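[1] Model the structure of this input:
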Amino acid sequence: MVAHDHRRVRTADAGVVGVNRGVGTINNGMARPRGRRSRARGVLGFVAAVCAVLMLSTAPAQAAQHQDANEYAIWNFHGANGFWNIDQRVQITQKANHSYWAMMWEFTATPGNGGYMGLQTDGTRFNHTTGDTAIFSLWNANAGRGSCGPFGGEGTGLSCRLAYAIDRQTDYRLRVWRLNADAGGQWWGAWIRNMKTGVDTSIGSLRVPRNQTLLGVPSNFSEYFGTAVACAKVPQSVAYFTQPAANAQGNGTYRYGSTYERSTRGRCTGGNVRLVDLGHTKAAKVTLGGR
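    Got it, this is the predicted structure:
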């Protein structure tokens, strides 16, 4: 089970890989969570837009995509906002096909624009392979380093994607970190760490407009984006998201911590979010699907 042991790593440890050129624009096919309302112009206002754009479906073009099968966990940083780093751990104890488990955020300078990172089953990558995938995407990104390429549809930006096996017995640390700025804008990097092996993997680095230097309060979502099924037939998945923390200070400590606030669910799925005590920390247990 997930334990609380966020350890700081230097951004240089993950390395930088070359840009994947010539991949073309992807018109993403994720289900839109209709009827979502914003939370004080915060994260939930961005949720609907991100979820409509930034995921890929591998279902046949002629098959209708399922809509409104999503569950969100909302966190409270008690007034703190504007972070250069956010870390969070996730363990997916029950996988389901065409499902996605993510941490997402807005930029404080541009409410409604931000990004997300996480793990996806049946994800489509830029080398045209599919399977378990780690994803990092930013709205309005203008350059990338890694296996990255553009997305299109309702908005534009860049997404980095790589094959990454999801082990139900392992928890993973998601990390987004502000990097350097250059004449073209502000760079951000994302890493995923296997807490069993201690290996950090760079998902990629993306550059956004220069004013996007701070992250807002994050939230989480679990979503089924596969072929449309009856609402009671959405495949069930279970994920544990620990309390996110921001601005690593070293030795597993952070400047800002959070507590669980509430959850919201889409209209065409079963599921629930429960706060559970893991001993060293607490986590939102997000169950999606089923009755």
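[2] Please enumerate the strands of the stretch 1-150 of the chain.
    26-27, 70-76, 85-94, 99-107, 110-124, 130-139, 143-145, 148-152 (DSSP state E, counting those that start in this stretch).
[3] So, low pLDDT: which residues of the stretch 101-250 of the chain?
    The model of the stretch 101-250 of the chain has pLDDT under 70 over residues 152-154.
[4] Which parts of it are helices?
    In the stretch 101-250 of the chain, no helices are defined using DSSP state H, counting those that start in this stretch.
[5] Single out the most deeply packed of the strands of the stretch 1-150 of the chain.
    Highest mean neighbour count among those (mean count of other C-beta atoms under 10 Å): strand 99-107, with a mean of 26. (Glycine included, C-beta is placed from N, CA and C.)
[6] quick check: angle from that strand to strand 130-139?
    Orientation check (axes from the mean of the first three to the mean of the last three C-alpha atoms, to 10 degrees): strand 99-107 against strand 130-139 gives 10 degrees.
[7] Can you name every helix or strand that strand 99-107 contacts?
    helix 43-53, strand 85-94, strand 110-124, strand 171-182, strand 219-224, strand 237-242 (3 or more C-beta pairs under 8 Å, 6 or more residues apart in numbering; DSSP states H and E).
[8] could these go into a markdown table alongside distance to Tyr100?
    Shown next, in a markdown table, are these (distance: least, C-beta to C-beta, whole Å):
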| stretch | distance to Tyr100 |
| --- | --- |
| helix 43-53 | 9 |
| strand 85-94 | 10 |
| strand 110-124 | 4 |
| strand 171-182 | 13 |
| strand 219-224 | 5 |
| strand 237-242 | 9 |
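[9] quick one: which of the ones you listed is nearest Phe151?
    Judged by C-beta to C-beta, the one of the helices and strands packed on strand 99-107 that comes nearest to Phe151 is helix 43-53, at 6.4 Å.
[10] Among the strands of the stretch 1-150 of the chain, which comes closest to Tyr164?
    strand 130-139 (3.8 Å).
[11] Can you show me the CA trace of the closest one as CSV?
    The C-alpha coordinates for strand 130-139 follow below in CSV (Å, rounded to 0.1, in the frame of the first residue of the first chain):
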residue,chain,number,x,y,z
THR,A,130,-0.5,1.3,-27.3
GLY,A,131,-0.6,0.0,-23.8
ASP,A,132,0.2,1.2,-20.3
THR,A,133,1.4,4.8,-20.7
ALA,A,134,2.9,7.6,-18.6
ILE,A,135,1.6,11.0,-19.8
PHE,A,136,2.6,14.6,-19.2
SER,A,137,0.7,17.4,-21.1
LEU,A,138,0.6,21.2,-21.0
TRP,A,139,-1.9,23.5,-22.6
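[12] Could you list the paired strands of it along with their orientation?
    With DSSP bridges as the test, strand 130-139 is paired with strand 110-124 (antiparallel), strand 157-163 (antiparallel).
[13] is it true that Thr130 touches Gln120?
    No: assessed by C-beta atoms under 8 Å, Thr130 is found out of contact with Gln120, at 9.9 Å.
[14] list the contacts for the closest residue to Ala64 other than its chain neighbours?
    The shortest distance from Ala64 to any non-neighbouring residue, by C-beta to C-beta, 6 or more residues apart in numbering, is to Ala228 (4.3 Å). With contacts defined as C-beta atoms under 8 Å, 6 or more residues apart in numbering, Ala228 is in contact with Ala63, Ala64, Gln65, His66, Gln67.
[15] Please report which of those residues has the highest neighbour count.
    His66 (26 neighbours; other C-beta atoms under 10 Å).
[16] circling back to that earlier point, and the helices and strands packed on strand 99-107: which comes nearest Gly189?
    strand 171-182 (5.2 Å).
[17] list the buried ones in that closest one?
    Neighbour counts over strand 171-182 (16 or more other C-beta atoms under 10 Å) mark Asp171, Tyr172, Arg173, Leu174, Arg175, Val176, Trp177, Arg178, Leu179 as buried.
[18] and which of these is nearest Thr264?
    Nearest to Thr264 out of these is Leu174 (C-beta to C-beta; 20.6 Å).
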